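J.: predicted model and sequence follow; I will ask about them next.
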Amino acid sequence: MIVAQVKAGKSLQQIARDMHISVDVAQAALHKWSWVSRPAPATQN
């Protein structure tokens, strides 16, 4: 949900205020999503 709002142009401060969470929590969620959504590294055998 945070990612969609950032993509829509909202700032983390706006999102945090609207969701009643701290900016740190919003930033952590965005960071976790960006880490999880990375493509897996190619494996070499």
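T.: Yep, that arrived.

J.: tell me, what's the model's pLDDT at the residue nearest the centre of the chain?
T.: Nearest residue to the geometric centre of the chain (Cα atoms, centre = their mean): Leu30, 1.4 Å. Here the pLDDT value assigned to Leu30 is 88.

J.: surely it meets Leu12?
T.: Yes: using Cβ atoms under 8 Å, Leu30 is in contact with Leu12, at 7.1 Å. C-beta: built from backbone N, CA, C; applies to glycine.

J.: identify the contacts common to those two.
T.: Counting by Cβ atoms under 8 Å, 6 or more residues apart in numbering, the common neighbours of Leu30 and Leu12 are Val6.

J.: Ile21: how many residues sit nearby?
T.: 14 (other Cβ atoms under 10 Å).

J.: check which helix or strand it maps to.
T.: Using DSSP states H and E, Ile21 falls within no helix or strand.

J.: quick one: Lys10 from Gln27, how far?
T.: According to Cβ to Cβ, to the nearest Å, Lys10 and Gln27 sit 13 Å apart.

J.: what do you get for Ile21?
T.: Counting by Cβ to Cβ, the gap from Ile21 to Gln27 is 10 Å.

J.: now do Trp33
T.: From Trp33 over to Gln27 (counting by Cβ to Cβ), the distance is 11 Å.

J.: what do you get for Ala16?
T.: Counting by Cβ to Cβ, the gap from Ala16 to Gln27 is 8 Å.
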